[in-house]
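Colleague: Could you work out the structure for the sequence below:
(chains A and B)
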Protein chains: 2
Amino acid sequence: MTANTLVNSKLVCVALNDKAQLAALDATFNEAPYKKPPTQPVLYYKPRNTWSVDGAEVEWAKDFDGNDVAEMVVGASLGVVIGKETCRVSAEDALNYVAGYTIVGDFSLPEASYYRPDIKGKCLDTSAPVGPEIVAADKIANPDALTVTISVNGELKSTFELGNMERSVAELISIISRIMTLQAGEIIAVGFAGDRVAVAKGDKVEASIEGVGTLTNTLGGA
Amino acid sequence: MTANTLVNSKLVCVALNDKAQLAALDATFNEAPYKKPPTQPVLYYKPRNTWSVDGAEVEWAKDFDGNDVAEMVVGASLGVVIGKETCRVSAEDALNYVAGYTIVGDFSLPEASYYRPDIKGKCLDTSAPVGPEIVAADKIANPDALTVTISVNGELKSTFELGNMERSVAELISIISRIMTLQAGEIIAVGFAGDRVAVAKGDKVEASIEGVGTLTNTLGGA
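Modeller: All right, here's what the predicted structure looks like:
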């Protein structure tokens, strides 16, 4: 399944990067134990077993006992493909480290909490298709001006303008490069619309960004 | 640095698997937002940029501005090396999927919280040496009977009997294999002593398990 994946070593996703979502969660964040919103980007990984490709079927998840789960959701993000070793770069310089852009789908279980790391819901086998291709960085004048849409069975379900991200693509690369060194071929999914889209078995999901392409996947289990 | 690493695709670590630590945190867990201890294993990944080897220098971590951090800590775990595709196996059958055993070091920033995913403190470059070798599974009669020790500059600082793990090696493999499919060569660090060991620049750290070996690393920055 992952033989031809566009990801070759690491897929880092940025959670909670939608300004509208942060505003909606503000009351929750001000409760215990934090009593304030996150001050740094909240990151999660999609590990190797999740990596998949354009056109592939995404497995319907199973619970602990092997029964089909009741609900799954999907989000989509611009995928920033790193072009060379990136360590402690400034935001001003960050886009010079980008080789290109693609689309990252993130199929998961609905998230009940924003506290404990949600490894279980995020690392489902085949849940992170990436593609359909990598578009060279010089073809995209301003990644923060792009819009990510998700359609299910041909019906538009989500529109996310990257101008509404809490942190820009360049800011994220700069911050993440101070947390861990990034290498060529690694991909950052920079932000998802706060409202994930509910999907059902057999659904056809298309994630699109103008100039980057359309990533198409079908849910299994039907 | 990672050219000869024993990890080839994924390093999953299990947090909070020390019974004594869970008991000590019981009051905290019974506060908001959870009001109960974790009911599932708490997992985290050490990504590719962290992978390192026996004998290597571990970089002293830097803060956002590039200044040396004040404190680092280390833990060590038995590393279970998966031998073949492992998906939804029973605890009874789980050890048949193990190729061998090694030692995983986990250098990190001290952890202030058990809620938000601590990506920043756990994914430091070169912070996860693995080794010194992989000992074949048939050489270890009962992995849960092993003891992990950490010495710093020749002085014993930590002793963790794996019999004090909340969940056994076989139970963990079974549970994790229901969350994500594991592949040959992937490694699970099954549990760390709850009390991490403080280290300083230039310290020599030895993590040992009888029959598995000694993993030796020196902190940089001195």
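Colleague: secondary structure element for the nearest residue to A:T102 once chain neighbours are set aside?
Modeller: Sequence neighbours aside, A:G79 is the residue nearest to A:T102 in space, at 4.2 Å (criterion: CB to CB, 6 or more residues apart in numbering or on different chains). Yep, even glycine has a C-beta here, placed from its N, CA and C like the rest. Counting by DSSP states H and E, the element that carries A:G79 is strand A:72-82.
Colleague: Heading C-terminal from that strand, find the next helix or strand.
Modeller: Downstream of strand A:72-82 (by DSSP H and E), the next one is helix A:91-94.
Colleague: quick one: low-confidence parts of chain A?
Modeller: Residue ranges of chain A with pLDDT under 70: A:1-4, A:32-34, A:112-118.
Colleague: what angle separates the lengthiest helix in it from strand A:72-82?
Modeller: Criterion DSSP state H: the longest helix present in chain A is helix A:169-179. Here helix A:169-179 runs at an angle of 80 degrees relative to strand A:72-82 (axes from the mean of the first three to the mean of the last three CA atoms, to 10 degrees).
Colleague: The very next helix or strand once past helix A:169-179 pairs with which strands, and in what direction?
Modeller: Per DSSP H and E, the first helix or strand lying C-terminal to helix A:169-179 is strand A:187-189. In the sheet, strand A:187-189 lines up against strand A:11-15 (parallel), strand A:72-82 (antiparallel) (DSSP bridges).
Colleague: re earlier: and the longest helix of chain A, how far from the chain's centre?
Modeller: How far helix A:169-179 lies from its chain's middle: 16 Å, per CA atoms, centre = their mean, to the nearest Å.
Colleague: Mind giving me the packing neighbours of it?
Modeller: When contacts are defined as 3 or more CB pairs under 8 Å, 6 or more residues apart in numbering or on different chains; DSSP states H and E, helix A:169-179 packs onto strand A:72-82, helix A:91-94, strand A:187-189.
Colleague: Just send those back as a markdown table, with distance to A:V197 too.
Modeller: As requested, the helices and strands packed on helix A:169-179 are arranged in a markdown table below (distance: least, CB to CB, whole Å):
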| stretch | distance to A:V197 |
| --- | --- |
| strand A:72-82 | 5 |
| helix A:91-94 | 29 |
| strand A:187-189 | 15 |
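Colleague: could these be laid out in TSV, adding distance to B:V7 and mean neighbour count?
Modeller: Putting the helices and strands packed on helix A:169-179 into TSV (distance: least, CB to CB, whole Å; neighbours: other CB atoms under 10 Å in any protein chain shown) gives the following:
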stretch	distance to B:V7	mean neighbour count
strand A:72-82	20	25
helix A:91-94	28	15
strand A:187-189	20	28
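Colleague: which one of the ones you listed lies closest to A:N217?
Modeller: Comparison of the helices and strands packed on helix A:169-179 against A:N217 by CB to CB identifies strand A:72-82 as nearest, at 8.5 Å.
Colleague: and chain A, which residues reach chain B?
Modeller: Residues of chain A found near chain B (CB under 8 Å from any CB of the partner chain) are A:9-10, A:12, A:31-34, A:38, A:40, A:42-45, A:47-50, A:62, A:64, A:66, A:87-88, A:113, A:115-117, A:119-120, A:123-125, A:175, A:178-183.
Colleague: Recalculate using a threshold of 6 Å.
Modeller: With CB under 6 Å from any CB of the partner chain as the criterion, chain A meets chain B at residues A:9-10, A:32-33, A:43, A:45, A:47-49, A:64, A:115, A:117, A:119-120, A:123, A:125, A:178-181.
Colleague: Just the buried subset of those residues, written out for PyMOL, thanks.
Modeller: Buried residues within the residues of chain A next to chain B, by 16 or more other CB atoms under 10 Å in any protein chain shown, are selected in PyMOL with:
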select buried, chain A and resi 9+10+43+45+47+48+49+115+117+119+120+123+125+178+179+180+181
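Colleague: Take the residues of chain A next to chain B and keep only those in strands.
Modeller: A:L43, A:Y45 (DSSP state E).
Colleague: shouldn't A:S168 be in contact with A:P143?
Modeller: No. Contact criterion CB atoms under 6 Å: A:S168 and A:P143 do not qualify, at 8.2 Å.
Colleague: before we move on, the earlier item: CSV for the strands paired with strand A:187-189, including distance to B:L22?
Modeller: Below are the strands paired with strand A:187-189 laid out as CSV (distance: least, CB to CB, whole Å):
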stretch, distance to B:L22
strand A:11-15, 27
strand A:72-82, 31
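Colleague: Minimum distance to A:A24: which of the helices and strands packed on helix A:169-179 has it?
Modeller: Nearest of the helices and strands packed on helix A:169-179 (CB to CB): strand A:72-82, 15.4 Å.
Colleague: which outside residues touch that closest one?
Modeller: By CB atoms under 6 Å, 6 or more residues apart in numbering or on different chains, the residues outside strand A:72-82 that reach it are A:61, A:98-100, A:102-107, A:110, A:130, A:134, A:146, A:148, A:150, A:169, A:182, A:184, A:186-192, A:196-199, A:205, A:207.
Colleague: of the residues you listed, buried ones?
Modeller: By 16+ other CB under 10 Å, the contacts of strand A:72-82 give A:61, A:98-100, A:102-107, A:130, A:134, A:146, A:148, A:150, A:169, A:182, A:186-192, A:196-197, A:199, A:205, A:207 as buried.
Colleague: Next step: those residues restricted to helices.
Modeller: If you go by DSSP H, the buried ones among the contacts of strand A:72-82 have A:V169 in helices.
Colleague: still on that earlier bit, which among the helices and strands packed on helix A:169-179 is found nearest to A:L162?
Modeller: So among those, strand A:72-82 is nearest, using CB to CB, at 6.3 Å.
Colleague: Looking at strand pairing, list the partners for A:K62.
Modeller: A:D68.
Colleague: before we move on, back to that, and the contacts of the longest helix of chain A?
Modeller: Contacts of helix A:169-179 (CB under 6 Å, 6+ apart): A:14, A:41, A:80, A:86-91, A:94-95, A:143-144, A:190, B:64, B:120.
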